[in-house]
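*Asks:* below is the structure, and that's it, no one-letter string:
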Ligand SMILES: Cc1cc2nc3c(=O)[nH]c(=O)nc-3n(C[C@H](O)[C@H](O)[C@H](O)COP(=O)(O)OP(=O)(O)OC[C@H]3O[C@@H](n4cnc5c(N)ncnc54)[C@H](O)[C@@H]3O)c2cc1C
Ligand SMILES: [Zn+2]
């Protein structure tokens, strides 16, 4: 069924009784041409583009939990392309371009809202650094505007501009950045993939990748062995666990990141705002809740729930820029597992095992990358060659020294 | 999380900072395979889901480096000891 205003009106008159489930619950087949391990945003996007852009049919996505239960359904939904390292800018900008046409493309309302992403600066040197970032972006054709204090005040007058420690001097604004409805992104890609014949196998855990003579030949799963001609690992926070079964040792460590949402209040925050003197980002959902987050809990973790010190730190940062929300109640908070790479940038590459491909290292920033990652990973798997926009995102860059370290913190994953 | 520092006793995890996997051996820079060995030393980690042996610094306490056994699935702390014996052993 194609969604449109007409289909909505039609269903409204029937009391919404005839909507159909948007994906199937198929039994696993014995063999697929392509098996993707991980039904998060990236796995589903990869399957969608493999089917749609490359015309491939015999594909399965295996997901150990339920569709959208990983980080794709846990993130703070910020979408942007304000990067400054050469390998990253073309990739993230391509991803943002895909976001701009995504809802029409997969005929699903992902509530993509280009409300702007504003990074605040609090000192002269930080202004210079942001100007440099802005220049790097503009040289690659990416939009941005450096605002002075007045410019920021016009946009978000309710911030604490005169904060004694962190006065707000201005900000770097990317107008095309914004937010999207995270679950809907997973559902939209799932529906688009399923309708093109992709089997999405939920509650199916990959336990072992079988390698014979240097070639990946299949996946042991909780629902039996599945043969595959090609296998893609897209397991985000759990990447290293499954990759190790194929003998891969990766420059990845898993950490927990928490997110927070407040009770709903009237419209207050028009864009995404980030605090430059720490690490804090906030926006307001269409339901009215304030959605925000800060840094990782600092230790490696697979627990998908964090501890209180990070909660306190996050709230303190909120108070440093927006004391006006001090009496807003926190509604929920939760955690998700992040695949932190050693330089803070992602990997989309072959693995050295024939027929086995890897997509990981998304750190805090994989939601915005969802369409771009799916597009480039599909290209790699279908054609056996790297997509031009992902050519710097190589697995061997840690060996050759071509790391892409946006934060400049070195091989310390909890600092990226 | 609370961490049992062998010198100070059990303290809130906020007093500690985290470095990562314990027992990494710094490779010999003059060995023929030094480049590959340094790649692994700097970039490759076990990243286990379960018990992990890791280096923590009691930064707001006695400033000792300690090795903490911790379950990364549950955040249970299984034990802690001074880091120096472990590091010396790794350096052998
Ligand atoms: C709190 C939080 C806030 C964030 N905020 C932002 C943000 O504002 N902007 C942004 O761009 N990014 C953000 N991110 C990062 C982003 O959400 C992730 O980088 C991205 O979702 C990861 O890709 P994914 O969607 O494919 O991952 P996931 O949704 O985690 O998908 C991976 C899937 O693989 C499955 N899996 C793992 N192992 C196996 C196995 N062995 N067998 C079968 N299935 C398996 C998992 O169950 C999971 O569903 C945030 C993340 C968190 C946790
Ligand atoms: Zn101590």
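*Replies:* Arrived safely. For clarity, every value in this text was computed on a predicted model and none was experimentally measured. Ligands and ions are numbered 1, 2, ... in the order given.
*Asks:* which elements pack onto the helix or strand that contains residue A:183?
*Replies:* Counting by DSSP states H and E, the element that carries residue A:183 is helix A:182-195. With contacts taken as 3 or more Cβ pairs under 8 Å, 6 or more residues apart in numbering or on different chains; DSSP states H and E, helix A:182-195 sits against helix A:41-54, helix A:88-106, strand A:199-201, helix A:370-383. Yep, even glycine has a C-beta here, placed from its N, CA and C like the rest.
*Asks:* quick one: the very next helix or strand once past the shortest one near chain B?
*Replies:* Sequence-wise, the next helix or strand beyond strand A:199-201 is strand A:206-212, with elements assigned using DSSP H and E. No: with Cβ under 8 Å from any Cβ of the partner chain as the measure, strand A:206-212 is seen stopping short of chain B, the closest distance being 12.7 Å.
*Asks:* buried stuff in the next helix or strand along the chain from strand A:206-212?
*Replies:* Remark: after strand A:206-212, the chain's next helix or strand is strand A:215-221, criterion DSSP H and E. Neighbour-count burial for strand A:215-221 flags A:216-219, A:221 (criterion: 16 or more other Cβ atoms under 10 Å in any protein chain shown).
*Asks:* out of those, which is nearest to residue A:247?
*Replies:* residue A:216 (10.3 Å; Cβ to Cβ).
*Asks:* secondary structure element holding residue 36?
*Replies:* In the absence of a named chain, this looks at chain A. Per DSSP H and E: strand A:31-37 holds residue A:36.
*Asks:* hmm, I had chain B in mind actually
*Replies:* Per DSSP H and E: helix B:34-43 holds residue B:36.
*Asks:* what mean pLDDT does the helix holding residue A:183 get?
*Replies:* Model confidence over helix A:182-195 averages 98 on the pLDDT scale.
*Asks:* that helix close to ligand 1?
*Replies:* No: judged by Cβ under 6 Å from any ligand atom, helix A:182-195 and ligand 1 are separated, with a smallest distance of 7.2 Å.
*Asks:* for that helix, buried residues please.
*Replies:* Within helix A:182-195, judged by 16+ other Cβ under 10 Å, the buried ones are A:182-195.
*Asks:* and if you look at stretch B:15-31?
*Replies:* Here stretch B:15-31 shows B:15-16, B:18-22, B:24, B:27 as buried, counting by 16+ other Cβ under 10 Å.
*Asks:* the strands in the stretch 151-300 of chain A, which residues?
*Replies:* A:170-174, A:178-179, A:199-201, A:206-212, A:215-221, A:224-233, A:252-264, A:272-275, A:280-284, A:289-300 (DSSP state E, counting those that start in this stretch).
*Asks:* other SSEs contacting the strand holding residue A:36?
*Replies:* helix A:41-54, strand A:59-62, strand A:215-221, strand A:224-233.
*Asks:* for those, give me CSV that also has distance to chain B and mean pLDDT.
*Replies:* CSV is the format used below for these (distance: least, Cβ to the nearest Cβ, whole Å; pLDDT from 0 to 100):
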stretch, distance to chain B, mean pLDDT
helix A:41-54, 19, 98
strand A:59-62, 18, 98
strand A:215-221, 17, 98
strand A:224-233, 14, 98
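*Asks:* for those, which one sits closest to residue A:320?
*Replies:* helix A:41-54 (31.2 Å).
*Asks:* chain center to that closest one, what's the gap?
*Replies:* Using Cα atoms, centre = their mean, to the nearest Å, the mean C-alpha position of helix A:41-54 is found 15 Å from that of the whole chain.
*Asks:* what packs against it?
*Replies:* strand A:31-37, strand A:59-62, helix A:182-195, helix A:370-383.
*Asks:* okay, the angle between the first one and strand A:224-233?
*Replies:* Yep, that's strand A:31-37 we're talking about. Per axes from the mean of the first three to the mean of the last three Cα atoms, to 10 degrees, the angle that strand A:31-37 makes with strand A:224-233 is 60 degrees.
*Asks:* how many neighbours does the residue of chain A with the smallest separation from chain B have?
*Replies:* With Cβ to the nearest Cβ, the shortest gap between chain A and chain B falls at residue A:251, namely 4.0 Å. By other Cβ atoms under 10 Å in any protein chain shown, the residues close to residue A:251 number 26.
*Asks:* that one against residue A:399, yeah?
*Replies:* No: contact criterion Cβ atoms under 8 Å: residue A:251 and residue A:399 do not qualify, at 9.6 Å.
*Asks:* so the residue at minimal distance from the centre of chain A versus residue A:298, what's the distance?
*Replies:* Nearest to the mean C-alpha position of chain A, by Cα atoms, centre = their mean, lies residue A:367 at 1.6 Å. Using Cβ to Cβ, to the nearest Å, one obtains 22 Å as the distance from residue A:367 to residue A:298.
*Asks:* skipping adjacent residues, who's closest to residue A:323 in space?
*Replies:* residue A:160 (5.5 Å; Cβ to Cβ, 6 or more residues apart in numbering or on different chains).
*Asks:* enumerate every residue touching the one you found.
*Replies:* A:168, A:320-323 (Cβ atoms under 8 Å, 6 or more residues apart in numbering or on different chains).
*Asks:* go on, residue A:239?
*Replies:* A:233, A:250, A:252, A:254, A:339, A:358, A:360-361.
*Asks:* cool, and residue A:324?
*Replies:* residue A:158.
*Asks:* quick one: the helices in the stretch 301-416 of chain A, in order.
*Replies:* When assigned using DSSP state H, counting those that start in this stretch, the helices of the stretch 301-416 of chain A occupy the ranges A:308-321, A:370-383, A:397-400.
*Asks:* quick check: residues of chain B near chain A?
*Replies:* Close to chain A, as judged by Cβ under 8 Å from any Cβ, chain B has residues B:1, B:12-14, B:17-18, B:20, B:35-36, B:39-40, B:42-45, B:47, B:49, B:52, B:54, B:70, B:72-75.
*Asks:* out of the residues you listed, which are buried?
*Replies:* Here, 16+ other Cβ under 10 Å leaves B:1, B:13-14, B:18, B:20, B:39-40, B:42-45, B:47, B:49, B:52, B:54, B:70, B:72, B:75 buried among these.
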